[in-house]
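>>> Provided below for reference: sequence and predicted model.
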Amino acid sequence: MTTATHPSGAALLLVLWAITVISFSVLWMANVVNLELETTVSDSAGLTARQIAVSGVALGLHPQVKRDDTELLNRDLGAGERMEVRIRGEGARFNLNRLLKDQDRITMLNLFTLWGLTADEGNALIDKLTDWVDEDEFRTGFGGAERTEYEAVGITDAPANRPFRSVPEMGRVLDMEKLAALKPDWAESFTIFGDGLIDVNEAEADVLQAVTGATPEMVQGILQQRRGSDEIEPSEDDLRFDDVGQVAGWLAGSTLPLEQIMGRLTTESSVKRIDSRGVVGERSRRISVVAASGEGGETATYLLWEEK
């Protein structure tokens, strides 16, 4: 007797298979919806963080807002939102193109040796920086690098033979990796904006040492005076110098003539850098702006706008 296969068994298997497929489809769709929802919320938080950062830029550029207005510039806005703004004059940094145009090897060598390069390494790097911006194809000094030297290491579009267009471009110069290994944040000491004068109210110790030829002890006297009684900078008790002559007493005995030093300094930068950070929960956006001020302190020109 032959036993026939019951059709209901095959049908049941098909139904179970269909249910399984549908279940997986529903779960997949649910995951997609959840992912899209999370992305939407995340994007919304990121957008709000950017809006806060933009507001911080506007606040920092207001002519009546000062760098030591810390309560105004750093605020909790509620609901997990926060604004953090830092104002600095661009005179806290060396104008790279100005140093090279003026052939100020002394200042550059002072800075590079402070950061750990030997005198020979520092001079060789200065030669290479000079060759990057000059228009000829002749090597500068003993350490220069023109097209032949770059091609030897597989670089076919260097040197630029023009002034630097950005500070990161400086990192492309041969031997800069040696300096970067010793001073990873080297870029924080350079700019391509401003008149090249160093602001005694803004510059860090190594920049002040390099431009004045002063000892660390001399420079520390200036910084202590600047920071006020709480020794924190920026803060509300900071003391600003109104005239470069006010720092002359600390610089007597430096390796450079005092008159020459005074001609390299200023007490007010005409170009400001605003670093603004907006925070919403775990999301944050950072905007850095460099702007030149016009007459009466009004913002005249945006020179740089970077977002991270």
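Looks like it came in fine.

>>> Just give the nearest non-adjacent residue to residue 277, would you?
Spatially, and ignoring its direct neighbours in sequence, residue 277 is nearest to residue 84 (4.3 Å; Cβ to Cβ, 6 or more residues apart in numbering). All C-beta spots, glycine's among them, are computed from the backbone N, C-alpha and C.

>>> now what about whatever helix or strand the one you found lives in, what contacts it?
Secondary structure from DSSP states H and E places residue 84 in strand 81-89. The contact list for strand 81-89 (Cβ atoms under 8 Å, 6 or more residues apart in numbering) reads 48-49, 52-53, 55-57, 59-60, 65-67, 73-77, 199, 201-202, 234, 268-269, 271-280.

>>> ditto for stretch 196-210
Residues outside stretch 196-210 that contact it (Cβ under 8 Å, 6+ apart): 88-89, 91-95, 98-99, 102, 107-108, 110-111, 114-115, 189, 211, 214-216, 219-220, 222-223, 226, 240-241, 244, 247, 264-269.

>>> please redo it, this time with the cut-off set to 7 Å
Contacts to stretch 196-210, defined as Cβ atoms under 7 Å, 6 or more residues apart in numbering, come from residues 88-89, 91-92, 94-95, 98, 107, 110-111, 114, 189, 211, 214, 216, 219, 222-223, 226, 240-241, 244, 247, 264-269.

>>> start to end distance for that stretch?
14 Å (Cα to Cα, to the nearest Å).

>>> Also stretch 292-304?
Stretch 292-304 end-to-end distance (Cα to Cα) = 10 Å.

>>> do the same with stretch 70-88
The straight-line separation of the ends of stretch 70-88 (Cα to Cα) is 13 Å.

>>> picking that back up, neighbouring strands - and their directions - for the strand holding residue 84?
Using DSSP bridges, strand 81-89 pairs in its sheet with strand 74-78 (antiparallel), strand 271-280 (antiparallel).

>>> The helix or strand following it - which strands sit beside it in the sheet, and in what orientation?
Once the chain leaves strand 81-89, the next helix or strand it forms, by DSSP H and E, is strand 94-95. Partners of strand 94-95 in the sheet, by DSSP bridges, are strand 190-191 (parallel).

>>> I'd like the average pLDDT over the strand it pairs with.
The average pLDDT within strand 190-191 is 98.

>>> And the contacts of it?
For strand 190-191, using Cβ under 7 Å, 6+ apart, the contacting residues are 90, 93, 94, 95, 96, 167, 170.

>>> next SSE after it?
strand 198-199.

>>> pLDDT averaged over that following strand - what is it?
Averaged across strand 198-199, the pLDDT comes to 98.

>>> now stretch 150-169
The model assigns stretch 150-169 a mean pLDDT of 97.

>>> Ok, stretch 116-132 next?
98.

>>> Same check on stretch 285-295?
Per-residue pLDDT over stretch 285-295 has a mean of 88.

>>> Please apply the same query to stretch 59-71.
Regarding stretch 59-71, the rounded mean pLDDT is 89.

>>> got the contact list for it?
Contacts for stretch 59-71 (Cβ under 7 Å, 6+ apart): 72-73, 85, 87-88, 234-236, 238, 274, 276, 291, 297-299.

>>> Setting the sequence-adjacent residues aside, check what's closest to residue 119.
Of all residues not flanking residue 119 in the chain, residue 113 sits nearest, at 6.1 Å (Cβ to Cβ, 6+ apart).

>>> Helix or strand: which one has the one you found?
helix 105-114.

>>> mind giving me the domain split of the chain?
9-90+272-307, 198-264 (automatic domain parsing).

>>> Need the winner for burial among the strands paired with strand 81-89.
Highest mean neighbour count among those (mean count of other Cβ atoms under 10 Å): strand 271-280, with a mean of 23.

>>> Show residues contacting stretch 255-275.
Residues contacting stretch 255-275 (Cβ under 7 Å, 6+ apart): 57, 60-61, 85-91, 193-195, 197-202, 211-213, 241-245, 248, 251-252, 254, 288-293, 303.

>>> How about stretch 225-235?
Here stretch 225-235 makes contact (Cβ under 7 Å, 6+ apart) with 67, 68, 70, 201, 237, 238, 239.

>>> try it again with 10 Å
66-70, 73, 86-88, 200-204, 223-224, 236-241, 246-247, 250 (Cβ atoms under 10 Å, 6 or more residues apart in numbering).

>>> Not counting its neighbours along the chain, what's nearest residue 93?
residue 191 (4.1 Å).

>>> what pairs with that neighbour across the strands?
residue 95.

>>> what number of residues lie near it?
Other residues lying near residue 191 total 25 when counted by other Cβ atoms under 10 Å.

>>> Any figure for the gap between it and residue 214?
From residue 191 across to residue 214, the span is 22 Å (Cβ to Cβ, to the nearest Å).
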